[in-house]
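# Sequence and predicted structure are below.
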Amino acid sequence: MSGHQEITFTLNLGHGNREKANLQSKGRIGAVDDSIPRIARLMGLAIRIEGLIRDKAIHDYAEAARLGQVTRARMTQIMKLLSLAPDIQEQILFLPPLSRLNERNLRPIAKQLDWEEQRRMFQAVVRRSSGDGDGGLEVR
């Protein structure tokens with residue numbers, strides 16, 4: 001496949017603001033579904049950008065930030081989601097929308113190196129976000 005294709009992501013990166021991020025690379029990605037929670041979209045974006053870097057479609061996070069029209073700092077915040085344990089990443093992709101589960105709440109968890117501690121912290125965040133103190137939403 002030789003040629004240049006443009007990939008357009010629609011991201012909700014601000015408080016109620018919708019920003020469009022254009023990433024130019026080889027490959028395709030589907031349209032964004034508004035019923036998918038924002039945190040799941042950001043997790044998917046981080047996974048996709050990491051794949052684009054691995055495939056050498058883009059050089060680094062700085063180029064992804066430039067193409068996505070976000071700051072390098074914001075791109076770093078998004079990409080740090082990849083520091084979460086793989087099972088937490090998977091859960092984020094498939095959890096129902098939770099009002100207070102967002103990237104900012106996941107930052108302290110992503111800083112933890114111990115995946116067991118990450119899992120414990122994530123369970124607590126999910127309980128708080130679901131408004132269910134007794135853990136009605138079970139997280140693996």
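Yep, that arrived.
# could you pull out the strands for this structure?
Secondary structure of the chain, counting by DSSP state E: strands at 5-11, 19-25.
# which of those has the lowest average pLDDT?
Between the strands of the chain, the one with the least mean pLDDT is strand 19-25; it has a mean of 41.
# What is the neighbour count of residue 51?
For residue 51, the number of neighbouring residues by other CB atoms under 10 Å comes to 13. For every residue, glycine as well, the C-beta is placed using N, CA and C.
# Please list all residues in contact with it.
Shown in contact with residue 51 (CB atoms under 8 Å, 6 or more residues apart in numbering): no residues.
# Tell me how the chain divides into domains.
Domain assignment for the chain by automatic domain parsing gives 1-83, 85-140.
# mean pLDDT for the ones you listed: which is lowest?
Of all these, mean pLDDT reaches its minimum on domain 1-83 (a mean of 76).
# Report the buried residues of stretch 76-88.
Neighbour counts using 16 or more other CB atoms under 10 Å place 77, 78, 79, 80, 81, 83, 84, 85, 88 of stretch 76-88 among the buried residues.
# Okay, and which of those map to helices?
Counting by DSSP state H, these place 77, 78, 79, 88 in helices.
# Closest one of those to residue 68?
Taking CB to CB as the measure, residue 78 is the one of these closest to residue 68, at 9.0 Å.
# Tell me who's in contact with the closest one.
With contact taken as CB under 8 Å, 6+ apart, residue 78 is in contact with 42, 45, 46, 49, 70, 103.
# ok, 10 Å please
By CB atoms under 10 Å, 6 or more residues apart in numbering, the contact list for residue 78 reads 11, 13, 42-43, 45-46, 49, 61, 64-65, 68, 70, 103.
# what's the most distant pair in the residues you listed?
Greatest spacing in the contacts of residue 78, by CB to CB: 43 and 65 (17.3 Å).
# Give me the more crowded residue out of those two.
residue 43 (24 against 20).
# measure the residue lying closest to the more buried one once chain neighbours are set aside to residue 57 for me?
Nearest residue to residue 43, sequence neighbours excluded (CB to CB, 6 or more residues apart in numbering): residue 92, at 4.6 Å. Distance from residue 92 to residue 57, counting by CB to CB, to the nearest Å: 24 Å.
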